[in-house]
Structure formats: C-alpha cells, structure tokens
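S.K.: 3D model of this:
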Amino acid sequence: MKKFSGTWKDAFFAGPGPTTWRQAVGLWLKGVCMGSADVIPGVSGGTIALITGIYEDLIGALRSFDWTVVKKSWHLISKLQLPRYMPAFCWFCFLAS
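M.R.: Residues are numbered from 1 along each chain as shown. Here you go, the predicted structure:
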C-alpha cells in the first residue's frame with residue numbers, strides 16, 4: 001500500500017465524496033437531519049436521505065466496507081483490550097449500531 005504524503009485537507013478531498021468545503025458542510029447537515037429524524041416517531045433517517053438525495057450515495061458507502069475494514073477495526077479493539085472489560089451484550093449493541 002502506498003503511503004499518502006499530503007495534508008489532511010488533500011486526503012479529505014482526494015477520496016470519493018464532496019470536493020469543496022461547501023459540499024462537505026452540506027453533506028454534514030444532511031447527516032444531522034438524518035440523525036435527528038430518528039427521534040421523530042414515524043420518520044426514519046432513510047426517508048430523510050431519500051428526500052435530500054443522498055440515499056444512493058449512502059448505500060454505496062455502506063457497500064464499500066469489506067472484511068479488511070472489519071479485521072482492522074477488530075484488531076484495534078483487541079489491542080485496547082476492551083473486550084475483557086465490557087460484557088458481550090454491550091459489544092453486540094455497539095457493533096449493531
């Protein structure tokens with residue numbers, strides 16, 4: 001794997017997604033709307049994603065996760081030795097969210 005030698009800003013805009021700060025803030029606000037919609041009975045975050053036009057991008061982002069991401073996350077969690085101190089039910093709730 002090639003090491004990235006740019007700045008955080010370069011890395012942020014090099015990936016898929018927003019290409020300007022304005023687009024990034026707009027996407028963030030849409031995400032806030034999705035999250036806050038979950039507290040309103042009868043409205044889901046998916047509905048807000050569909051209305052704001054980011055549903056397909058959201059599904060694409062979820063599909064982009066592969067086993068490599070899961071393995072690296074689990075490796076990090078096991079290095080911190082958190083499973084020893086947290087009950088299995090807490091881990092299930094944490095990973096399911």
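S.K.: So which elements touch the longest helix seen in the chain?
M.R.: In the chain, assigned by DSSP state H, the helix with the most residues is helix 21-37. Packing partners of helix 21-37 (3 or more C-beta pairs under 8 Å, 6 or more residues apart in numbering; DSSP states H and E): helix 45-52. Where C-beta positions appear, they are placed from N, C-alpha and C, glycine not excepted.
S.K.: The helix it packs on: which residues count as buried?
M.R.: By 16 or more other C-beta atoms under 10 Å, the buried positions in helix 45-52 come out as I48, A49, T52.
S.K.: Give me the helix or strand of this structure that scores worst on average pLDDT.
M.R.: helix 88-96 (a mean of 67; mean pLDDT, DSSP states H and E).
S.K.: Distance of the closest residue to G17 other than its chain neighbours relative to G45?
M.R.: In this structure, G17 finds its nearest non-sequential neighbour in L27, 7.0 Å apart by C-beta to C-beta, 6 or more residues apart in numbering. According to C-beta to C-beta, to the nearest Å, L27 and G45 sit 14 Å apart.
S.K.: Could you do W74 as well?
M.R.: For W74, the distance to G45 - C-beta to C-beta - is 26 Å.
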